[in-house]
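>>> Fold the following and give me the result.
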Amino acid sequence: MRSRTVLLGAVALLTLAGCNNRGKLDTDPLPPIQQVEQPAASAGGACILWDYSFINDKIGVTFDVAAADQVDDTSICVVQTVDAQWPDLSISIVERTQANAKQFLDDLKPAKATTLKGLGQAGYRLNSPASGGHGPVVEIGWLSQAKQLQTLRFTFAKTAQAADVTTMDDNLLELAKAMDTTT
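Down below sits the predicted model:
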């Protein structure tokens with residue numbers, strides 16, 4: 001019985017001590033919560049090729065969150081904003097291909113795409129209309145000088161205008177050229 005009384009006394013003291021500390025904690029200000037922006041490259045995969053300021057400099061769109069994945073020899077990165085599902089920008093890279101420029105254009109260029117000059121060994125652009133919950137899509141694919149298959153894809157929000165797509169055609173091409181690898 002005596003050990004129960006001692007145990008109950010100890011619990012009571014700890015409870016009182018906790019109440020006194022709880023009152024003190026309520027009056028102490030909490031430190032401010034800080035949001036830390038992780039660089040796009042921290043997502044790994046193809047994201048190691050990007051940082052948000054580089055993307056913004058090339059296409060004029062600000063992103064702040066990135067995700068990556070890799071399956072076999074194909075790596076992908078997608079960047080978006082925290083606030084909305086679109087716009088988004090993705091890149092996929094197949095590390096090595098045996099395709100030459102002719103095979104790329106004959107077999108890998110989508111049927112409705114236009115051939116691009118001055119990008120890698122061969123390239124194309126495909127503009128697709130809005131569908132589902134998103135706006136138009138601009139896709140640029142190319143066979144790089146380093147024998148990699150690379151694809152950039154910008155998906156607009158539903159509110160995009162035709163002039164936005166025209167501007168992105170040029171901006172995405174500039175981004176692709178800046179990313180074209182020779183090794």
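>>> Give the buried residues for the helix or strand Asn56 falls within.
Assigned by DSSP states H and E, Asn56 belongs to helix 52-59. Under the neighbour-count criterion of 16 or more other Cβ atoms under 10 Å, helix 52-59 has 52, 55, 58-59 buried. For the C-beta atoms, the positions are set from N, CA and C on the backbone; glycine is no exception.
>>> Also stretch 122-141?
Quick answer for stretch 122-141 (16+ other Cβ under 10 Å): 122-126, 128, 130, 134-141.
>>> now do stretch 155-172
The neighbour-count check on stretch 155-172 (16+ other Cβ under 10 Å) flags 155-157, 160, 164-165, 168, 171-172 as buried.
>>> ok so, going back, narrow the buried residues of stretch 122-141 to those in helices?
With DSSP state H as the criterion, helices contain none of the buried residues of stretch 122-141.
>>> of those, closest to Thr115?
Taking Cβ to Cβ as the measure, Thr115 sits nearest to Tyr124 out of the buried residues of stretch 122-141, at 5.8 Å.
>>> ok, back up a step: among the buried residues of stretch 155-172, which lie within helices?
Checking these against DSSP H, those in helices are 164-165, 168, 171-172.
>>> what would these look like in TSV with distance to Cys77?
Putting these into TSV (distance: Cβ to Cβ, whole Å) gives the following:
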residue	distance to Cys77
Asp164	22
Val165	22
Met168	18
Asn171	18
Leu172	15
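>>> I'd like the residues you listed laid out as JSON lines, including pLDDT and distance to Arg96.
Formatted as JSON lines, those follow (pLDDT from 0 to 100; distance: Cβ to Cβ, whole Å):
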{"residue": "Asp164", "pLDDT": "97", "distance to Arg96": "35"}
{"residue": "Val165", "pLDDT": "97", "distance to Arg96": "32"}
{"residue": "Met168", "pLDDT": "97", "distance to Arg96": "29"}
{"residue": "Asn171", "pLDDT": "97", "distance to Arg96": "28"}
{"residue": "Leu172", "pLDDT": "98", "distance to Arg96": "24"}
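>>> secondary structure class for the residue most central in space within the chain?
Most central in the chain under Cα atoms, centre = their mean is Val79, positioned 1.9 Å from the mean C-alpha point. Taking DSSP: H, G, I helix; E, B strand; the rest coil as the rule, one finds Val79 in the strand state.
>>> how far away is the residue lying closest to it once chain neighbours are set aside from Leu116?
Nearest non-adjacent residue to Val79, counting by Cβ to Cβ, 6 or more residues apart in numbering: Phe63, 3.9 Å away. According to Cβ to Cβ, to the nearest Å, Phe63 and Leu116 sit 24 Å apart.
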